[in-house]
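**Q** here's a sequence, model it:
(chains A and B)
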Amino acid sequence: MTPRTLHFSTARVAACVMVLIAFVGTAAAARAQAPQGGGVIVVQAVGRATARPNRLELRATLAADEAAPADAAAKFRQAQQRATEEVKKLEIPNLSIETNAMTIGGANPAAMLAMMQGNVPDAVGKPNFHLSRALTLVLTGVDKLDEEKLVDTVIKITERMKDVGVNVGISGPQNMAEFQMAQMTGNLANGKPGMVFKYDNPDALREKAYAAAIADARKKAAKLAELSGIPLGAIASITEGPAVSSEDETPQSVNFFNGITINQPNSASPNLEEVRVIVNLTVQFGVEKK
Amino acid sequence: MLASLLIYGGGRAGVVNTSFAFKQLAEDAAPTPSTSPGNPNPYRFSVRRVEPAVLDLVADFEKHRDAKAWDKALATLGKLAESDTNGMIPQGENMLLPARLRIRQLVQTLPPEGLRAYRLFNDPRAKQLFEQAQAALTDPSAPAPGARTAPAGGEEVVLLEKVVAELFFTSYGDRAADQLGDAMYERGEFDRAARAWAMILNEYPDTRLSVARLRLKLAAALARAGRWDDFQPAADLARQSAGDAALTLGGKPTTAAEFLASLPKPPEGGRAAPVAQGLPDKIAFPDSDEPAWQFAYRGPAARQTLAQMLANAGNQGSVLVSIVPPSECDGKRVYVHWLGITSALDVETGKLLWSSHKHSILNDRWQQFLWQADPDLFFMAVTPDAVVAVGAEPERVGQGNEVGRLICRDPATGAQRWTTAGGTLDTLCATGRPAVAAGVVYAAFHSNQSTDMQLVAVDLNSGAILFQLPLGTAPALNNQWNGRNRPAPPSIVATPEMVYVVTNAGLMLAVNPARRAIEWAVMYEPPSNSVTRVAAANMGLSPNFATESPPFFDGRTLVFKEVSGPRVVSVDTMNQRVNWTRSVAVNDALVAVSPAGFQTLGAALSSYALASTKDTPPLLKWSSAGVMGAPRMNVAIAGGEFHMFSPRGVFRVNPSNGDFLPPPLRGRDMSSLGGVLHVVPPVGDKPGRVITVSNFNITAYPLKKP
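**A** As a prediction, this is how the structure comes out:
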């Protein structure tokens, strides 16, 4: 395997997909915001910034399920301690473990599901005391690892953590409840991503994308002004549109879940690929009087 | 233990009569429906209990006794004798005793003046029986009036047992018990001898026999029985009682010190640990993942078929895929009982030495196993002389009439010695873990139409049925897929003197095979899951929901965890009491027991240490989470380490803190769920083996020479 050279791509300007030239009286919105005495040029521009991900997050869960709450707590504590010790024993630079949300008490999910399915509680046993915690194993500096080394490192981490009972990289439904949820959402094959590549400074990346989008807007507006024989004025307004995710960079909603539109810049990926931040701006320029 | 010392009775109406009719205790255990009013827990195995009227009479007796109304108290005993006392009576929180034994205990509670009244009425009959026994001793051919056939031997023994059982608290009871102890000792039945002498020492305070002699006899019997825990305090007491006085024992003049010194000595290092997986002190695991051999009992075709079934049948199919067959290893051969196919492989080469059927017989029967049979109902016991398998015959699976068979084979050739098919037990279904002791196979049977369970004793060599003893009624497990209600399969532990039946339903029965009777039982929290593993899987529960693990027995203490049971239970079989119970995860299997504690394996390998105080349940010492997936797993103890076979490979675990000792032996069965591990130590030039039995393969790895 040939090591891939790490690169940090600079922002580049994407092609404009739509150009609107609006004069006074042609667009209500433009008219409202038009500089006094002149028209406006409105363009839509896309700015994209990409970077090699430099942070890998492995999502994991720890759980203890016991009839006696004290046993559940003791086993949970020991499991967490062993997981932490195992991370240290791995001696992988830049690997850390973050503890996240904890669920305390209640019946185990399988027993609850059985009851949901109409099975009497007696038939599924007394509910155990359940403790679980989401963990994130964070490996930073992955942009400095070649692909082969990165794969080896990920395998080493996941294998060793599985040995000590840490469920790493959940990739499919783990019980009937998740199975049913996955069926409902049509996400049966993949379930929740257990591994996420991230760029740890998305604000800087976004800033680059903004700059690229503004530059793109200026370029388009200047060309339109030139073709129209009118002098281009200053930027009168900027509206940020929905994020763009597809390669043709058509503005669109990224995802729908329960009717809520999620406007999520693509700064993280379950795949080892460049992290992209794409911004879509509607920029209105004034037109100077001749 | 009062195995042979039960009181039986039979009264005469109209008079105060406290002698009790002699009836076989087998009747005590006659089954009743699981809805028995005396058994309020529907998930508990139900044995026959006495009618509430008997309990009322017991209460009346206690009332009259406390009021020192001897006439009324003895009259109540007479009524008890005339009542139907064929059943068990609860005693304390968790014991069940045959009613007649409980009544004997009532007599024991009489104060001296009450006892005098009791003897006034009962001594004449005791004297008659005792004198008949003395006559039989001098003339063994003399018939014993009313004597039943005694499995244990001579007529004098029958008569002495009768006195001890029915009339122990009369003026002749101590002498009868002493002579009974002598007879048992001479016959090599040291436990029974010890019980007889202990009975006098513990329950007959006004005996005129020499306490020193009785204590020395008791110590001798305990030493011969290898009961070292009991021996030392008994020997100390004997030494204390006898002092330096000259005695005659066994016809020889001696002193207590000389006599005790002549007895067998306890083994070096104290008493033996309860049996876990007795393995060598030092073994060296291989460095390589390369196996010495591998045998796939699920061939590629079977795996493909099963994968398709899993896709189609979902959870239900997952049970079939996850089966880890029962396996045993005797050092030469590894035996596997795979869905009715019993096979033996050579430990060194992996060669299939014999197989009861061709494995291909299963190819067109997977659907039947999925929908009509229960793949969890296969069991096996291996002795040096026999392989005893329990389960349906694969050729009959799916025909709708399959029942579990008890089949005995020659371990070297696989030749079938006998089967319960076609005989008296042809229509009955064998189920659960069988046991073999003193040339007798003990197994549980029920009919396909009911969950009434019986213990069947079969001669190991001939297959002849020695006796059938009704045990009671097991709760029916909810069996959602083929409509049959099946009982939880019990696990049996057998010794020559006592058979313990762990019902896997909240009750453990102690059966005396000589008397063919239930002698006592202990209750504990039963599994509240009344479902089979397949049904559980259909509910979305884990397929390894019902983990099966064997009971551990060291000759005195029986430690077990029932399938899906909420507790590990420790029973002192000598003193007939529950030592402790400890709550554990219901999915866990009990995998090791030692004098210091026990270990369970489920979502984690957990170690529990016995508490310093007797009444405190064991404490959780450590727990090591791992990936455990198989419904049948074990822990092998060797080289001072625990070893277990998980889906992640074979792991070595530090027993003191639960740390996994790197590196694991990943091996060549990583797609399996893990399972059972056998360790065969090196012998001479032959390398030892680590043998893993998973839900797919049997794989052997070479051990390094330590």
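**Q** name the element the closest residue to B:Arg652 other than its chain neighbours belongs to?
**A** Excluding the flanking residues, the one nearest B:Arg652 by CB to CB, 6 or more residues apart in numbering or on different chains is B:Leu661, at 4.2 Å. (C-beta placed from N, C-alpha, C; glycine too.) B:Leu661 belongs to strand B:660-665 when elements are defined using DSSP states H and E.
**Q** with B:Leu471 instead?
**A** strand B:465-473.
**Q** in that strand, what counts as buried?
**A** Within strand B:465-473, the residues that count as buried by 16 or more other CB atoms under 10 Å in any protein chain shown are B:Leu466, B:Gln468, B:Leu469, B:Pro470, B:Leu471, B:Gly472, B:Thr473.
**Q** same question for stretch B:591-602.
**A** B:Val591, B:Ala592, B:Val593, B:Ser594, B:Gly597, B:Phe598, B:Gln599, B:Thr600, B:Leu601, B:Gly602.
**Q** closest one to B:Ala438 out of these, please.
**A** B:Val593 (23.4 Å; CB to CB).
**Q** how close does B:Pro681 sit to B:Leu620?
**A** 32 Å (CB to CB, to the nearest Å).
**Q** among the buried residues of stretch B:591-602, which are located in strands?
**A** Residues from the buried residues of stretch B:591-602 lying in strands, with DSSP state E as the criterion: B:Val591, B:Ala592, B:Val593, B:Ser594, B:Gly597, B:Phe598, B:Gln599, B:Thr600, B:Leu601.
**Q** between the residues you listed, which sits nearest chain A?
**A** Nearest to chain A among those is B:Thr600, at 10.5 Å by CB to the nearest CB.
**Q** so what's the closest one bridging to?
**A** B:Leu590, B:Ser606 (DSSP bridges).
**Q** list the contacts of it.
**A** Listed by CB atoms under 8 Å, 6 or more residues apart in numbering or on different chains, the contact set of B:Thr600 reads B:Lys561, B:Val568, B:Val584, B:Ala585, B:Asp588, B:Ala589, B:Leu590, B:Val591, B:Ser606, B:Tyr608.
**Q** just to check, the fifth one is in contact with B:Lys561?
**A** Yes - proximity of B:Asp588 to B:Lys561 meets the contact threshold set by CB atoms under 8 Å, at 7.0 Å.
**Q** where does the prediction get shaky in the stretch 351-500 of chain B?
**A** Counting by pLDDT under 70, the stretch 351-500 of chain B contains low-confidence ranges at B:370-372, B:400-401, B:478-485.
**Q** how are the strands of it distributed by residue range?
**A** B:352-355, B:379-382, B:387-392, B:404-409, B:416-419, B:428-437, B:440-447, B:452-459, B:465-473, B:476-477, B:486-487, B:491-494, B:499-502 (DSSP state E, counting those that start in this stretch).
**Q** now the stretch 151-290 of chain A
**A** For the stretch 151-290 of chain A, the strands defined by DSSP E, counting those that start in this stretch occupy A:167-168, A:195-198, A:232-240, A:255-257, A:260-262, A:268-269, A:275-287.
**Q** so for the fourth one, mean pLDDT?
**A** Translated: strand A:255-257. Mean pLDDT, strand A:255-257: 31.
**Q** now do the SS call for residue 74.
**A** No chain was given, so I picked chain A. Under DSSP: H, G, I helix; E, B strand; the rest coil, the three-state class of A:Ala74 is helix.
**Q** the chain in question should be chain B.
**A** helix.
**Q** what about it, neighbour count?
**A** By other CB atoms under 10 Å in any protein chain shown, the residues close to B:Leu74 number 23.
**Q** settle it for me: which of B:Pro681 and B:Leu620 has more neighbours?
**A** Counted by other CB under 10 Å, B:Pro681 and B:Leu620 do not tie: B:Leu620 has more neighbours, with 22 against 18.
**Q** ok, now which ones touch the more buried one?
**A** Going by CB under 8 Å, 6+ apart, B:Leu620 touches A:Ala70, A:Asp71, A:Ala74, A:Lys75, B:Ser606, B:Ser607, B:Tyr608.
**Q** Serialize those residues to TSV and add fields for pLDDT, neighbour count and distance to A:Asp203.
**A** Supplementary listing: those in TSV, determined by pLDDT from 0 to 100; neighbours: other CB atoms under 10 Å in any protein chain shown; distance: CB to CB, whole Å:
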residue	pLDDT	neighbour count	distance to A:Asp203
A:Ala70	89	11	46
A:Asp71	91	23	46
A:Ala74	93	19	43
A:Lys75	91	27	41
B:Ser606	93	26	47
B:Ser607	95	25	50
B:Tyr608	96	22	52
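**Q** which of these lies closest to B:Arg65?
**A** Using CB to CB, the contacts of B:Leu620 come closest to B:Arg65 at B:Tyr608, 42.6 Å.
**Q** grab the nearest non-local neighbour of the closest one.
**A** B:Pro618 (4.0 Å).
**Q** and the pLDDT for the one you found?
**A** 92.
**Q** give me the below-cutoff pLDDT ranges for chain A.
**A** If you take pLDDT under 70 as the line, chain A has these spans: A:1-38, A:106-127, A:170-193, A:243-267, A:290.
**Q** mind listing the helices for it?
**A** A:28-33, A:69-90, A:109-116, A:121-124, A:147-163, A:176-185, A:202-228 (DSSP state H).
**Q** what's the closest of these to B:Lys705?
**A** The nearest among the helices of chain A, by CB to CB, is helix A:147-163 at 27.4 Å.
**Q** in the closest one, which residues are buried?
**A** A:Leu150, A:Thr153, A:Val154, A:Ile157, A:Thr158, A:Arg160, A:Met161, A:Lys162, A:Asp163.
**Q** return only those of these found close to chain B.
**A** A:Lys162, A:Asp163 (CB under 8 Å from any CB of the partner chain).
**Q** which one of the buried residues of helix A:147-163 is nearest B:Trp366?
**A** Distances from B:Trp366 to these, taken as CB to CB, are shortest for A:Lys162 (30.2 Å).
**Q** now do the same for B:Arg516: its pLDDT.
**A** Taking B:Arg516 on its own, its pLDDT is 88.
**Q** next: the one 3 residues further on.
**A** B:Glu519 is assigned 89 on the pLDDT scale.
**Q** quick check: which element contains it?
**A** strand B:517-523.
**Q** partner strands of that strand, parallel or antiparallel?
**A** Counting by DSSP bridges, strand B:517-523 is paired with strand B:95-98 (antiparallel), strand B:507-512 (antiparallel).
**Q** format those as JSON lines; extra columns: mean neighbour count and mean pLDDT.
**A** Below are the strands paired with strand B:517-523 laid out as JSON lines (neighbours: other CB atoms under 10 Å in any protein chain shown; pLDDT from 0 to 100):
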{"stretch": "strand B:95-98", "mean neighbour count": "23", "mean pLDDT": "88"}
{"stretch": "strand B:507-512", "mean neighbour count": "25", "mean pLDDT": "94"}
